[in-house]
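>>> Need the 3D shape of this:
(one chain, ligands or ions: 2)
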Amino acid sequence: MLGLLLSWSKPNLPAVSSFATNVDTIYAFIFWVSVICFIAIVGTMTYFVFKYRRKSENDKTPYIEGHTPTEVGISIGLFVLVMGLFYWGWVEYMHSRTSPMNPYEINVVGQQWSWNFQYANGKRTQRNIHIPVNTPIRLIMTSSDVLHSFYVPALRLKQDVVPGTYQYLAFSANTPGEYDIFCAEFCGLDHSAMLGKLVVMEAEEFADWQDDMGKYAKTAAAGGTQASGKSLIEQGRDLYSSKTCSACHSDDGTPRVGPSFKDLFGKTEELTDGATITVDETYIRDSIVDPNKQVVKGFVAGTMPTFKGQLNDDELNALVAFIKSLSK
Ligand code: HEC
Ligand SMILES: [Cu+2]
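Numbers count the residues shown, from 1 in each chain. Ligands and ions are numbered 1, 2, ... in the order given. Below is the predicted model:
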(Lines give C-alpha, C1' and ligand atoms only; values in the text may rest on other atoms or scores of the structure.)
(Ligands and ions follow the chains in the order given, each with its own letter.)
Protein backbone atom coordinates (compact mmCIF):
# COMPACT_ATOMS: atom_id res chain seq x y z
CA MET A 1 0.00 0.00 0.00
CA LEU A 2 2.70 2.44 1.09
CA GLY A 3 4.84 1.40 -1.88
CA LEU A 4 1.94 2.00 -4.26
CA LEU A 5 1.29 5.47 -2.82
CA LEU A 6 4.99 6.25 -3.11
CA SER A 7 5.23 5.17 -6.72
CA TRP A 8 2.16 7.17 -7.71
CA SER A 9 3.70 10.41 -6.57
CA LYS A 10 7.24 9.66 -7.74
CA PRO A 11 8.70 12.03 -10.33
CA ASN A 12 9.51 10.37 -13.62
CA LEU A 13 13.27 10.88 -13.20
CA PRO A 14 16.24 8.65 -12.47
CA ALA A 15 17.31 8.78 -8.81
CA VAL A 16 21.03 8.09 -8.61
CA SER A 17 21.87 8.81 -5.00
CA SER A 18 20.49 7.79 -1.63
CA PHE A 19 19.82 11.49 -1.21
CA ALA A 20 17.59 11.51 -4.29
CA THR A 21 15.59 8.51 -3.02
CA ASN A 22 15.11 10.17 0.36
CA VAL A 23 14.00 13.43 -1.26
CA ASP A 24 11.41 11.47 -3.26
CA THR A 25 10.15 9.81 -0.08
CA ILE A 26 9.82 13.16 1.70
CA TYR A 27 8.11 14.59 -1.36
CA ALA A 28 5.66 11.66 -1.48
CA PHE A 29 4.96 12.01 2.24
CA ILE A 30 4.22 15.73 1.95
CA PHE A 31 2.11 15.12 -1.14
CA TRP A 32 -0.07 12.49 0.56
CA VAL A 33 -0.37 14.47 3.78
CA SER A 34 -1.64 17.34 1.61
CA VAL A 35 -4.11 15.06 -0.16
CA ILE A 36 -5.43 13.74 3.16
CA CYS A 37 -5.71 17.25 4.62
CA PHE A 38 -7.46 18.48 1.48
CA ILE A 39 -10.04 15.68 1.61
CA ALA A 40 -10.55 16.09 5.36
CA ILE A 41 -11.04 19.86 5.18
CA VAL A 42 -13.08 20.12 1.99
CA GLY A 43 -15.03 16.97 2.89
CA THR A 44 -15.98 18.30 6.33
CA MET A 45 -16.87 21.65 4.83
CA THR A 46 -19.15 20.08 2.24
CA TYR A 47 -20.78 17.86 4.86
CA PHE A 48 -21.41 20.88 7.13
CA VAL A 49 -22.84 22.90 4.27
CA PHE A 50 -25.56 20.26 3.88
CA LYS A 51 -26.03 19.35 7.51
CA TYR A 52 -26.28 22.91 8.84
CA ARG A 53 -27.97 24.55 5.87
CA ARG A 54 -30.94 26.82 6.52
CA LYS A 55 -33.97 24.55 6.32
CA SER A 56 -36.84 27.02 6.86
CA GLU A 57 -37.51 30.78 7.06
CA ASN A 58 -37.33 30.90 10.87
CA ASP A 59 -34.32 28.62 11.28
CA LYS A 60 -31.96 30.13 13.84
CA THR A 61 -28.25 29.35 13.96
CA PRO A 62 -27.56 27.62 17.27
CA TYR A 63 -24.97 29.12 19.57
CA ILE A 64 -21.87 26.89 19.38
CA GLU A 65 -19.09 27.21 21.92
CA GLY A 66 -15.45 26.31 21.39
CA HIS A 67 -14.15 22.88 22.39
CA THR A 68 -10.78 23.43 24.07
CA PRO A 69 -9.43 19.84 24.00
CA THR A 70 -10.12 19.59 20.24
CA GLU A 71 -8.53 22.98 19.51
CA VAL A 72 -5.44 22.27 21.60
CA GLY A 73 -5.20 18.78 20.13
CA ILE A 74 -5.34 20.02 16.53
CA SER A 75 -2.79 22.78 17.24
CA ILE A 76 -0.30 20.46 18.93
CA GLY A 77 -0.86 17.70 16.38
CA LEU A 78 -0.17 20.03 13.44
CA PHE A 79 2.83 21.55 15.22
CA VAL A 80 4.37 18.11 15.72
CA LEU A 81 3.63 17.15 12.10
CA VAL A 82 5.13 20.32 10.63
CA MET A 83 8.21 20.31 12.88
CA GLY A 84 8.70 16.63 12.10
CA LEU A 85 8.67 17.42 8.37
CA PHE A 86 11.09 20.29 8.93
CA TYR A 87 13.47 18.01 10.83
CA TRP A 88 13.29 15.28 8.20
CA GLY A 89 14.03 17.77 5.40
CA TRP A 90 16.78 19.47 7.39
CA VAL A 91 18.63 16.22 8.07
CA GLU A 92 18.58 15.36 4.38
CA TYR A 93 19.64 18.89 3.42
CA MET A 94 22.64 18.67 5.76
CA HIS A 95 23.70 15.41 4.12
CA SER A 96 24.06 17.24 0.84
CA ARG A 97 26.10 20.10 2.32
CA THR A 98 28.54 18.26 4.59
CA SER A 99 30.82 15.63 3.18
CA PRO A 100 32.41 12.53 4.69
CA MET A 101 36.18 12.33 5.21
CA ASN A 102 38.45 12.50 2.15
CA PRO A 103 35.92 13.08 -0.60
CA TYR A 104 37.01 13.31 -4.22
CA GLU A 105 37.03 17.05 -4.89
CA ILE A 106 36.25 18.77 -8.18
CA ASN A 107 36.29 22.51 -8.80
CA VAL A 108 33.29 23.89 -10.66
CA VAL A 109 33.26 27.32 -12.29
CA GLY A 110 30.03 28.58 -13.84
CA GLN A 111 30.51 30.98 -16.70
CA GLN A 112 28.24 32.48 -19.32
CA TRP A 113 27.28 29.96 -20.74
CA SER A 114 28.86 26.74 -19.71
CA TRP A 115 30.11 24.78 -16.73
CA ASN A 116 33.85 24.30 -16.33
CA PHE A 117 35.27 21.49 -14.23
CA GLN A 118 38.78 21.07 -12.90
CA TYR A 119 40.00 17.76 -11.46
CA ALA A 120 42.73 17.15 -8.90
CA ASN A 121 45.26 16.02 -11.51
CA GLY A 122 44.81 19.20 -13.53
CA LYS A 123 42.47 17.79 -16.10
CA ARG A 124 39.68 20.10 -17.20
CA THR A 125 36.38 19.53 -18.88
CA GLN A 126 33.67 21.78 -20.12
CA ARG A 127 29.96 21.06 -19.87
CA ASN A 128 30.36 17.42 -18.80
CA ILE A 129 31.55 16.41 -15.36
CA HIS A 130 32.90 12.89 -14.93
CA ILE A 131 32.83 11.15 -11.56
CA PRO A 132 33.50 7.64 -10.24
CA VAL A 133 30.49 5.64 -9.05
CA ASN A 134 29.81 5.11 -5.31
CA THR A 135 32.51 7.58 -4.26
CA PRO A 136 31.93 10.58 -2.00
CA ILE A 137 32.25 13.65 -4.24
CA ARG A 138 32.64 17.21 -3.06
CA LEU A 139 32.16 20.09 -5.46
CA ILE A 140 33.88 23.40 -4.71
CA MET A 141 31.86 25.81 -6.78
CA THR A 142 31.99 29.40 -7.90
CA SER A 143 31.07 31.60 -10.84
CA SER A 144 33.32 33.85 -12.88
CA ASP A 145 30.61 36.29 -13.94
CA VAL A 146 26.99 36.26 -12.80
CA LEU A 147 24.76 34.06 -10.65
CA HIS A 148 24.28 30.56 -12.04
CA SER A 149 22.61 27.56 -10.47
CA PHE A 150 24.04 24.07 -10.77
CA TYR A 151 21.10 21.71 -11.06
CA VAL A 152 21.22 17.93 -11.45
CA PRO A 153 17.66 16.55 -11.31
CA ALA A 154 18.86 12.93 -11.09
CA LEU A 155 20.61 13.83 -7.82
CA ARG A 156 17.78 16.12 -6.67
CA LEU A 157 20.48 18.71 -6.01
CA LYS A 158 20.55 22.37 -6.90
CA GLN A 159 23.03 24.97 -5.73
CA ASP A 160 23.41 28.60 -6.75
CA VAL A 161 26.96 29.69 -7.50
CA VAL A 162 27.96 33.24 -6.62
CA PRO A 163 30.94 35.14 -8.05
CA GLY A 164 33.70 35.83 -5.54
CA THR A 165 32.91 33.07 -3.07
CA TYR A 166 32.63 29.30 -2.84
CA GLN A 167 29.63 27.06 -2.43
CA TYR A 168 29.83 23.33 -1.80
CA LEU A 169 27.85 20.22 -2.68
CA ALA A 170 28.45 16.71 -1.39
CA PHE A 171 26.96 13.54 -2.86
CA SER A 172 27.78 10.16 -4.26
CA ALA A 173 26.14 8.61 -7.30
CA ASN A 174 25.22 4.92 -7.27
CA THR A 175 24.41 4.14 -10.92
CA PRO A 176 26.75 4.58 -13.89
CA GLY A 177 25.22 6.56 -16.73
CA GLU A 178 24.73 10.06 -18.08
CA TYR A 179 22.43 12.54 -16.38
CA ASP A 180 21.36 16.05 -17.31
CA ILE A 181 22.85 19.19 -15.79
CA PHE A 182 20.98 22.46 -16.13
CA CYS A 183 21.64 26.03 -15.14
CA ALA A 184 18.58 26.92 -13.09
CA GLU A 185 19.20 30.65 -12.78
CA PHE A 186 18.41 32.96 -15.67
CA CYS A 187 21.92 34.16 -16.52
CA GLY A 188 21.69 35.88 -19.86
CA LEU A 189 21.21 35.32 -23.54
CA ASP A 190 22.23 31.67 -23.85
CA HIS A 191 21.04 30.57 -20.43
CA SER A 192 18.85 27.86 -21.92
CA ALA A 193 21.87 26.39 -23.73
CA MET A 194 23.93 26.14 -20.52
CA LEU A 195 23.54 22.38 -20.44
CA GLY A 196 25.81 19.50 -19.55
CA LYS A 197 25.98 15.91 -18.40
CA LEU A 198 26.95 14.25 -15.18
CA VAL A 199 28.85 11.20 -16.41
CA VAL A 200 29.02 8.51 -13.71
CA MET A 201 31.69 5.91 -14.50
CA GLU A 202 32.95 2.68 -12.97
CA ALA A 203 35.95 3.43 -10.75
CA GLU A 204 38.55 1.87 -13.09
CA GLU A 205 37.06 3.44 -16.17
CA PHE A 206 37.14 6.79 -14.40
CA ALA A 207 40.80 6.37 -13.39
CA ASP A 208 41.72 5.66 -17.02
CA TRP A 209 39.69 8.58 -18.21
CA GLN A 210 41.30 10.92 -15.71
CA ASP A 211 44.85 9.81 -16.53
CA ASP A 212 44.26 10.11 -20.24
CA MET A 213 45.39 13.68 -20.69
CA GLY A 214 46.60 13.39 -24.26
CA LYS A 215 43.50 12.07 -25.88
CA TYR A 216 41.29 14.63 -24.22
CA ALA A 217 43.71 17.49 -24.77
CA LYS A 218 43.23 16.92 -28.48
CA THR A 219 39.51 17.45 -28.23
CA ALA A 220 40.02 20.81 -26.54
CA ALA A 221 39.53 22.71 -29.75
CA ALA A 222 36.15 21.06 -30.15
CA GLY A 223 35.08 22.52 -26.82
CA GLY A 224 35.52 19.19 -25.10
CA THR A 225 38.32 18.76 -22.65
CA GLN A 226 41.64 20.35 -21.90
CA ALA A 227 44.58 19.30 -19.80
CA SER A 228 47.46 21.32 -18.45
CA GLY A 229 49.72 18.38 -17.62
CA LYS A 230 50.18 19.59 -14.06
CA SER A 231 48.09 18.68 -11.06
CA LEU A 232 46.06 21.39 -9.40
CA ILE A 233 48.45 21.40 -6.43
CA GLU A 234 51.49 21.79 -8.72
CA GLN A 235 49.80 24.66 -10.53
CA GLY A 236 49.17 26.26 -7.14
CA ARG A 237 52.79 25.80 -6.10
CA ASP A 238 53.94 27.52 -9.32
CA LEU A 239 51.66 30.48 -8.60
CA TYR A 240 52.89 30.57 -5.01
CA SER A 241 56.39 31.40 -6.35
CA SER A 242 55.48 33.39 -9.45
CA LYS A 243 52.95 35.64 -7.68
CA THR A 244 55.46 36.35 -4.86
CA CYS A 245 53.37 34.78 -2.10
CA SER A 246 56.51 32.88 -1.09
CA ALA A 247 58.24 36.15 -0.17
CA CYS A 248 55.86 36.57 2.78
CA HIS A 249 54.45 33.06 3.38
CA SER A 250 56.49 29.91 3.97
CA ASP A 251 55.17 26.40 3.23
CA ASP A 252 57.07 24.74 6.09
CA GLY A 253 56.08 26.67 9.21
CA THR A 254 58.92 29.23 9.12
CA PRO A 255 57.55 32.64 10.09
CA ARG A 256 58.01 35.35 7.47
CA VAL A 257 56.24 38.69 7.00
CA GLY A 258 52.96 36.77 6.94
CA PRO A 259 51.76 33.56 8.61
CA SER A 260 53.01 30.25 7.21
CA PHE A 261 50.67 28.18 5.03
CA LYS A 262 51.71 24.98 6.82
CA ASP A 263 48.71 23.40 8.60
CA LEU A 264 46.62 26.48 7.81
CA PHE A 265 43.64 24.69 6.28
CA GLY A 266 41.12 23.52 8.88
CA LYS A 267 42.76 25.37 11.75
CA THR A 268 40.98 27.88 13.97
CA GLU A 269 42.41 31.30 13.16
CA GLU A 270 42.31 34.24 15.55
CA LEU A 271 41.68 37.61 13.94
CA THR A 272 42.66 41.11 15.10
CA ASP A 273 39.04 41.99 15.86
CA GLY A 274 38.92 39.17 18.41
CA ALA A 275 36.79 36.84 16.27
CA THR A 276 37.85 33.29 15.47
CA ILE A 277 37.24 31.51 12.20
CA THR A 278 37.76 28.00 10.89
CA VAL A 279 39.94 28.16 7.80
CA ASP A 280 38.10 26.78 4.77
CA GLU A 281 38.31 27.40 1.03
CA THR A 282 36.22 30.58 1.23
CA TYR A 283 38.43 32.08 3.96
CA ILE A 284 41.59 31.43 1.93
CA ARG A 285 40.04 32.92 -1.16
CA ASP A 286 38.89 36.00 0.77
CA SER A 287 42.36 36.40 2.30
CA ILE A 288 43.87 36.56 -1.19
CA VAL A 289 41.44 38.91 -2.91
CA ASP A 290 40.50 41.00 0.12
CA PRO A 291 43.32 40.70 2.70
CA ASN A 292 41.98 43.44 4.95
CA LYS A 293 38.58 41.82 5.39
CA GLN A 294 39.92 39.38 8.00
CA VAL A 295 43.34 40.25 9.42
CA VAL A 296 45.18 37.55 11.35
CA LYS A 297 45.93 38.41 14.98
CA GLY A 298 49.51 39.61 15.43
CA PHE A 299 49.81 40.98 11.88
CA VAL A 300 49.29 44.44 10.49
CA ALA A 301 46.43 45.18 8.09
CA GLY A 302 47.61 46.49 4.75
CA THR A 303 50.88 44.52 4.70
CA MET A 304 49.52 42.07 2.19
CA PRO A 305 48.60 43.59 -1.17
CA THR A 306 45.29 42.55 -2.67
CA PHE A 307 45.43 40.14 -5.58
CA LYS A 308 41.97 41.03 -6.74
CA GLY A 309 41.82 41.02 -10.53
CA GLN A 310 45.29 39.48 -10.81
CA LEU A 311 44.21 35.89 -10.34
CA ASN A 312 41.34 34.24 -12.18
CA ASP A 313 39.07 31.59 -10.67
CA ASP A 314 41.21 28.70 -11.94
CA GLU A 315 44.32 30.22 -10.40
CA LEU A 316 42.57 30.89 -7.10
CA ASN A 317 41.32 27.29 -7.08
CA ALA A 318 44.88 26.07 -7.66
CA LEU A 319 46.29 28.23 -4.85
CA VAL A 320 43.56 27.01 -2.49
CA ALA A 321 44.32 23.39 -3.44
CA PHE A 322 48.05 24.00 -2.85
CA ILE A 323 47.48 25.57 0.59
CA LYS A 324 45.11 22.71 1.50
CA SER A 325 47.74 20.16 0.52
CA LEU A 326 50.07 21.57 3.21
CA SER A 327 47.69 20.45 5.95
CA LYS A 328 47.51 16.72 5.29
C1 HEC B 1 53.97 41.57 1.16
C2 HEC B 1 53.75 40.35 1.88
C3 HEC B 1 52.65 39.41 1.42
C4 HEC B 1 52.46 38.88 0.15
C5 HEC B 1 53.25 39.14 -1.12
C6 HEC B 1 51.34 37.97 0.27
N7 HEC B 1 50.86 37.98 1.54
FE8 HEC B 1 49.34 36.85 2.28
N9 HEC B 1 49.50 37.76 4.07
C10 HEC B 1 50.46 38.68 4.43
C11 HEC B 1 50.25 39.09 5.80
C12 HEC B 1 51.07 40.12 6.58
C13 HEC B 1 49.12 38.39 6.27
C14 HEC B 1 48.48 38.48 7.65
C15 HEC B 1 47.58 39.70 7.75
C16 HEC B 1 46.29 39.53 7.02
O17 HEC B 1 45.55 38.59 7.32
O18 HEC B 1 46.04 40.34 6.10
C19 HEC B 1 48.68 37.55 5.15
C20 HEC B 1 47.59 36.67 5.21
C21 HEC B 1 47.31 35.73 4.26
C22 HEC B 1 46.39 34.65 4.42
C23 HEC B 1 45.64 34.31 5.70
C24 HEC B 1 46.64 33.50 6.53
C25 HEC B 1 46.16 33.01 7.87
O26 HEC B 1 47.01 32.53 8.62
O27 HEC B 1 44.97 33.07 8.17
C28 HEC B 1 46.39 33.92 3.25
C29 HEC B 1 45.58 32.68 2.94
C30 HEC B 1 47.29 34.59 2.36
N31 HEC B 1 47.86 35.68 2.99
C32 HEC B 1 47.54 34.16 1.05
C33 HEC B 1 48.45 34.79 0.21
C34 HEC B 1 48.67 34.37 -1.18
C35 HEC B 1 48.02 33.19 -1.84
C36 HEC B 1 49.58 35.23 -1.70
C37 HEC B 1 50.13 35.26 -3.11
C38 HEC B 1 49.12 35.29 -4.17
C39 HEC B 1 49.94 36.18 -0.64
N40 HEC B 1 49.23 35.88 0.49
C41 HEC B 1 50.86 37.20 -0.79
C42 HEC B 1 51.48 39.14 3.62
C43 HEC B 1 51.64 38.84 2.27
CU1 LIG C 1 23.86 30.03 -16.04
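
>>> Break the protein down into its structural domains.
For the chain, automatic domain parsing gives the domain ranges 2-46+68-97, 104-227, 240-325.

>>> Check whether the second one comes near ligand 1.
No. Legend: contact between domain 104-227 and ligand 1 by C-beta under 6 Å from any ligand atom is lacking; minimum distance shown is 13.5 Å. For the C-beta atoms, the positions are set from N, CA and C on the backbone; glycine is no exception.

>>> tell me how far that domain is from the chain's mean position?
12 Å (C-alpha atoms, centre = their mean, to the nearest Å).

>>> Out of the domains of the chain, indicate the one that is most buried.
Neighbour counts (mean count of other C-beta atoms under 10 Å) averaged over each of the domains of the chain peak at domain 104-227, with a mean of 18.

>>> How about it and ligand 2, touching?
Yes. Domain 104-227 reaches ligand 2 (C-beta under 5 Å from the ion) through H148, C183, C187, M194.

>>> Tabulate the domains of the chain (JSON lines), appending distance to S56 and mean pLDDT.
Output for those, formatted as JSON lines (distance: least, C-beta to C-beta, whole Å; pLDDT from 0 to 100):
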{"stretch": "domain 2-46+68-97", "distance to S56": "22", "mean pLDDT": "88"}
{"stretch": "domain 104-227", "distance to S56": "58", "mean pLDDT": "86"}
{"stretch": "domain 240-325", "distance to S56": "73", "mean pLDDT": "89"}
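
>>> want to try a markdown table for those domains, with distance to P62 as columns?
Below are these laid out as a markdown table (distance: least, C-beta to C-beta, whole Å):
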| stretch | distance to P62 |
| --- | --- |
| domain 2-46+68-97 | 17 |
| domain 104-227 | 51 |
| domain 240-325 | 64 |
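
>>> circling back to that earlier point, between the residues of domain 104-227 next to ligand 2, which is nearest D314?
Closest to D314 out of the residues of domain 104-227 next to ligand 2 is H148 (16.2 Å), distances taken as C-beta to C-beta.

>>> can you tell me which residues contact the closest one?
G110, Q111, W115, D160, V161, C183, E185, C187, M194 (C-beta atoms under 8 Å, 6 or more residues apart in numbering).

>>> Strands - which of those land there?
Mapping the contacts of H148 onto strands (DSSP state E) picks out G110, Q111, W115, D160, V161, C183.

>>> ok, which pair from those is furthest apart?
Once C-beta to C-beta is applied, these give Q111 and D160 as the farthest pair, at 14.5 Å.

>>> so how far is the lengthiest helix in the chain off the chain centroid?
Longest helix of the chain, by residue count under DSSP state H: helix 18-51. Taking C-alpha atoms, centre = their mean, one finds the center of helix 18-51 at 30 Å from the center of the full chain.

>>> just checking, what packs against the helix or strand following that helix?
As assigned by DSSP states H and E, the chain's next helix or strand after helix 18-51 is helix 68-97. If contacts are counted by 3 or more C-beta pairs under 8 Å, 6 or more residues apart in numbering; DSSP states H and E, helix 68-97 sits against helix 18-51, strand 167-171.

>>> for the strand or helix carrying F322, packing partners?
Using DSSP H and E, F322 sits within helix 313-325. Helix 313-325 is packed against strand 104-111, strand 114-118, strand 137-143, helix 232-242, helix 281-289, with contacts defined by 3+ C-beta pairs under 8 Å, 6+ apart.

>>> redo that, cut-off 6 Å
helix 232-242, helix 281-289 (3 or more C-beta pairs under 6 Å, 6 or more residues apart in numbering; DSSP states H and E).

>>> Would it count as contacting ligand 1?
Yes. Applying C-beta under 6 Å from any ligand atom, one finds helix 313-325 in contact with ligand 1 at L319.

>>> Show residues contacting that helix.
Under the criterion C-beta atoms under 6 Å, 6 or more residues apart in numbering, residues 107, 109, 142, 144, 232-233, 235-237, 239-240, 261, 264-265, 281, 284-285 lie in contact with helix 313-325.

>>> change it to 7 Å
By C-beta atoms under 7 Å, 6 or more residues apart in numbering, the surrounding residues in contact with helix 313-325 are 107, 109, 118, 142, 144, 232-233, 235-237, 239-240, 261, 264-265, 281, 284-285, 288.

>>> Quote the end-to-end distance of stretch 52-72.
Start-to-end span of stretch 52-72 (C-alpha to C-alpha, to the nearest Å) is 24 Å.

>>> Can you give the distance of it from its chain's centre?
Centroid displacement of stretch 52-72 relative to its chain, using C-alpha atoms, centre = their mean, is 53 Å.
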